[in-house]
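*Asks:* requesting a structural model of the entry that follows:
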Amino acid sequence: MARAKKLWREVKALPPHEWVSFEGAFDRMLKHVAWELVERDLRQDILDRRLIAAARDIASDGTETRMILDPIFFEPLTIWRSSPKERVFVDGTRPVGHYFFVRRRELDKHYPTAQSSGRPTDPLQPPPRRRGPVVTHDWFSICGEIACRCINPKNGRVEVPKNENKLAEDVLERLSEQGINEPASSEMRKAVKRVCAALRAVQK
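*Replies:* Purely as a prediction, here's the structure:
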């Protein structure tokens, strides 16, 4: 009979500077993908070995085991979080007692934070605000989605839709399908209005 594969390797320590809690990893990934995709991508990245997972298991008697987890450990499980203030849970484990982590090295590689100037900073001070407007959405892609819906695919000519609100809704739906961070409906309507106005000027 084949020997069952052990799904973890016990280690002496998980140094905090080398490991990030699932909650910290979840918050970091939110800067790159939508909430509902983080729950999926965090699990898939571990299964694909893009991220290395570990856990601290605290038994009822207070004894603690630290371990590096084999990706197969997560195959039958799901990862979920109900709100930003809640823990990240892994189905199939106890609500308390298990605390999960990913290695910072791979997290920094695949989900980098904003690059710093390299100068030492005071950890008690808020991060400096970069110059210029704060960009929260990929407006280049968004405007491209708007513009391509103003072209007649049969003849390649500019034909701006009369119903701009419907156009805004279609673009928002497309961004959601692609997992691109969506702007507010009011912002999208403004973008559609400006792009359509420019294209109508070209038609004259």
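*Asks:* mean confidence for the lengthiest helix in the chain?
*Replies:* Secondary structure assigned by DSSP state H gives helix 185-203 as the longest helix of the chain. For helix 185-203, mean pLDDT rounds to 85.
*Asks:* care to break the chain down by domain?
*Replies:* What automatic domain parsing lists as the domains of the chain is 8-110, 139-203.
*Asks:* now for the longest helix of the chain, which elements pack on it?
*Replies:* helix 139-148, helix 164-178 (3 or more CB pairs under 8 Å, 6 or more residues apart in numbering; DSSP states H and E). To be clear about C-beta, it is placed using only N, CA and C from the backbone, and glycine gets the same treatment.
*Asks:* restricting to C-alpha, output the lowest-mean-pLDDT helix or strand in the chain in CSV.
*Replies:* Lowest by mean pLDDT, DSSP states H and E among the helices and strands of the chain is helix 164-178, with a mean of 82. Provided in CSV are the C-alpha atoms of helix 164-178 (Å, rounded to 0.1, in the frame of the first residue of the first chain):
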residue,chain,number,x,y,z
GLU,A,164,-25.2,57.0,-23.3
ASN,A,165,-26.5,55.5,-20.0
LYS,A,166,-26.9,52.1,-21.7
LEU,A,167,-23.4,52.4,-23.1
ALA,A,168,-22.1,53.1,-19.6
GLU,A,169,-23.9,50.1,-18.2
ASP,A,170,-22.5,47.8,-20.9
VAL,A,171,-18.9,49.0,-20.2
LEU,A,172,-19.3,48.5,-16.4
GLU,A,173,-20.6,45.0,-17.1
ARG,A,174,-17.6,44.2,-19.3
LEU,A,175,-15.1,45.5,-16.7
SER,A,176,-16.8,43.3,-14.1
GLU,A,177,-16.4,40.2,-16.4
GLN,A,178,-12.7,41.1,-16.9
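*Asks:* no further queries at this time; thank you.
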